[in-house]
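>>> Could you work out the structure for the sequence below:
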Amino acid sequence: MRKSIAIIMSGLFVLCFVGIGYSADVQNGIHVGNAGAFTGDAAAPCAEIYNSAQIAVDEWNAKGGIQGVKIEQIMGDDAMDPAQGVNVAHKFAADKLMYGVVGPPMSHIAQATLKIYGAADLATITTAASKPNLTEQGYKHFFRVNARNDAHGWNCALFIKKRLGANRVAIINEKVAYSENLAKETIKGLKKLGITDIKQETIVGGAKDYSAVLTKVKAFKPDVIFFIATTAPDNAIGVRQTKDLGIDAIFFGSEGARDKKDYIQATEGAADGSYVYHFAPDIYAIPAAADYIKKYETAHGSLSGFGPPAYEAMNILLSAIDQAAADGDISRKEVVENMHKIRGYNGILGFPLSFDQKGDLEGGATYFFQVSGNDFKQIAVMTGK
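Numbers count the residues shown, from 1 in each chain. As a prediction, this is how the structure comes out:
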């Protein structure tokens, strides 16, 4: 009963602070939110997301902002906890100067906050949340610059079969929306490709010791272990304990593993030769990204793969806000409408970006990397073939 009352009050809270069709003078101010896990095991990639988005904000402000008004980015820390994510969503929805949010980057947080942002007509553009049904529920405010899990799962299955040559596959996934869904999609793809010797196990993220599960996997004698955990530290423990237990299998980590410090360096060599997939390409191979890379590395040091999509997402969001503010007045609904008009946006990701009617990225790809020394080397790009 208390939970039901809390949910009802949550809805009333949003409606109290967000008027239907609310519009305002642009001169009152422009806020954009950044929702992510800025504390905890995912703090490093989320900091890269925030800092990259801030570079985009700074560039817009250096050119005069929007209608002469400086843009302010506001951080909202969800710590990978849906309850905290809901608090962040309420805070952003209640801010009358807030016209869009970059994030949340994790599917289970995006799911928990979808209704709140939708009720507030507040555009959200995620850089990583990939559970397919996020865009299958009829909401118009949610967009993503990354491919969905149904695409990633099939591409990962193709990679395991065609590039890694596996016949026996162990899939270890964390008990959260993103990991469970990607495991399901990958297993479906593997079976379609004729691979039926599959062992699936689950873990709890942040447990720090996965040796019991890995010992069961060792007895299965897999060719490949696909370790689907949200964060780089969990992937690092997985690959290190795989080596410690003497498991003779190729280690294939998930997108969260693409972090030089928390994956490669943390394993002290155990990750060398392992593979990871990711939702973003090797940014260093894209000439259009050179200025962004220079700015990021000058201010923040080493760059991984999480920042570039955030820089892209913030620029797209600000473009939509700029169009909505062209007449001097602005509303959240106008921003959402302009987001849906984005077609062929040429930024730093190496391809023209467009959204379909549901807000999904059209023509998204999955990028595959191998750890070599202290870096990730992109070795393949797959688009379902």
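>>> measure the spatially most central residue of the chain to residue 43 for me?
In the chain, the residue lying closest to the centroid (CA atoms, centre = their mean) is residue 128, at 1.5 Å. Between residue 128 and residue 43 the computed distance is 15 Å (CB to CB, to the nearest Å). Using the backbone N, CA and C atoms, a C-beta is placed for each residue, glycine as well.
>>> cool, and residue 350?
Residue 350 is 27 Å from residue 43, by CB to CB.
>>> Could you do residue 254 as well?
Applying CB to CB to residue 254 and residue 43 gives a distance of 18 Å.
>>> next one: residue 226
From residue 226 to residue 43 the distance is 25 Å (CB to CB).
>>> Mind checking which of these two has more residues around it?
More crowded of residue 226 and residue 43, by other CB atoms under 10 Å: residue 226, with 31 against 17.
>>> If the more buried one is in a bridge, with which residues?
Judged by DSSP bridges, the bridge partners of residue 226 are residue 171, residue 252.
>>> per-domain residue ranges of the protein.
2-147+286-354, 149-278+367-382 (automatic domain parsing).
>>> Compare the mean pLDDT across the ones you listed and name the weakest.
Mean pLDDT per stretch puts domain 2-147+286-354 lowest among the domains of the chain, at a mean of 91.
>>> Now do that one: distance to the chain's middle.
12 Å (CA atoms, centre = their mean, to the nearest Å).
>>> Check which helices and strands the host helix or strand of residue 336 sits against.
Assignment of secondary structure by DSSP states H and E places residue 336 within helix 332-339. Helices and strands touching helix 332-339, by 3 or more CB pairs under 8 Å, 6 or more residues apart in numbering; DSSP states H and E, are strand 98-102, helix 307-324.
>>> can you redo those as CSV with mean neighbour count and distance to residue 86?
What follows is these, written out as CSV (neighbours: other CB atoms under 10 Å; distance: least, CB to CB, whole Å):
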stretch, mean neighbour count, distance to residue 86
strand 98-102, 28, 13
helix 307-324, 25, 21
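>>> TSV for the ones you listed, including distance to residue 268?
What follows is the helices and strands packed on helix 332-339, written out as TSV (distance: least, CB to CB, whole Å):
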stretch	distance to residue 268
strand 98-102	34
helix 307-324	25
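>>> Okay, strands next: where are they in the chain?
For the chain, applying DSSP state E gives strands covering 23-25, 30-36, 71-77, 98-102, 124-126, 142-144, 168-174, 197-203, 224-228, 250-253, 275-278, 329-331, 366-372, 375-382.
>>> okay if I get the ones you listed as CSV plus distance to residue 337?
Shown next, in CSV, are the strands of the chain (distance: least, CB to CB, whole Å):
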stretch, distance to residue 337
strand 23-25, 13
strand 30-36, 17
strand 71-77, 20
strand 98-102, 12
strand 124-126, 14
strand 142-144, 12
strand 168-174, 37
strand 197-203, 41
strand 224-228, 36
strand 250-253, 39
strand 275-278, 31
strand 329-331, 9
strand 366-372, 30
strand 375-382, 33
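>>> what's the closest of the ones you listed to residue 317?
strand 98-102 (4.5 Å; CB to CB).
>>> re earlier: could you list every residue that touches the residue nearest to the centre of the chain?
105, 106, 146, 255, 279, 306, 309 (CB atoms under 8 Å, 6 or more residues apart in numbering).
>>> State the number of residues packed around the second one.
If you count neighbours by other CB under 10 Å, residue 106 ends up with 29.
>>> Let me know the distance separating it from residue 219.
For residue 106, the distance to residue 219 - CB to CB - is 32 Å.
>>> The last one now?
With the distance defined as CB to CB, residue 309 ends up 39 Å from residue 219.
>>> What of the fifth one?
Between residue 279 and residue 219 the computed distance is 33 Å (CB to CB).
>>> if you count what's nearby, which of these two comes out ahead?
Taking neighbours as other CB under 10 Å, residue 279 and residue 219 compare with residue 279 leading, 26 against 9.
>>> Just to check, residue 360 is in contact with residue 133?
No: counting by CB atoms under 8 Å, residue 360 does not reach residue 133; the two are 11.3 Å apart.
>>> More neighbours: the two, which one.
residue 360 (21 against 14).
>>> Return the residues in contact with the more buried one.
135, 143, 144, 148.
>>> Now neighbour count and distance to residue 289 too, for the residues you listed, in JSON lines please.
Shown next, in JSON lines, are the contacts of residue 360 (neighbours: other CB atoms under 10 Å; distance: CB to CB, whole Å):
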{"residue": "135", "neighbour count": "23", "distance to residue 289": "26"}
{"residue": "143", "neighbour count": "25", "distance to residue 289": "21"}
{"residue": "144", "neighbour count": "26", "distance to residue 289": "20"}
{"residue": "148", "neighbour count": "25", "distance to residue 289": "24"}
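>>> farthest-separated two in these?
Of all pairs in the contacts of residue 360, the most separated under CB to CB is 143 and 148 at 12.2 Å.
>>> Just give the number of residues close to residue 71.
Count around residue 71 with other CB under 10 Å applied: 20.
>>> likewise residue 74?
Neighbours of residue 74 (other CB under 10 Å): 16.
>>> Could you do residue 287 as well?
9.
>>> Contact partners for it?
Counting by CB under 8 Å, 6+ apart, residue 287 has no contacts.
>>> again, only this time at 10 Å
For residue 287, the contacting residues are 348, 350, by CB atoms under 10 Å, 6 or more residues apart in numbering.
>>> That one and residue 91: what is the separation?
Taken as CB to CB, the span from residue 287 to residue 91 is 39 Å.
>>> Likewise for residue 163?
44 Å.
>>> Please apply the same query to residue 25.
Distance, residue 25 to residue 91, using CB to CB: 23 Å.
>>> ok, now residue 278?
Taking CB to CB, one finds residue 278 at 30 Å from residue 91.
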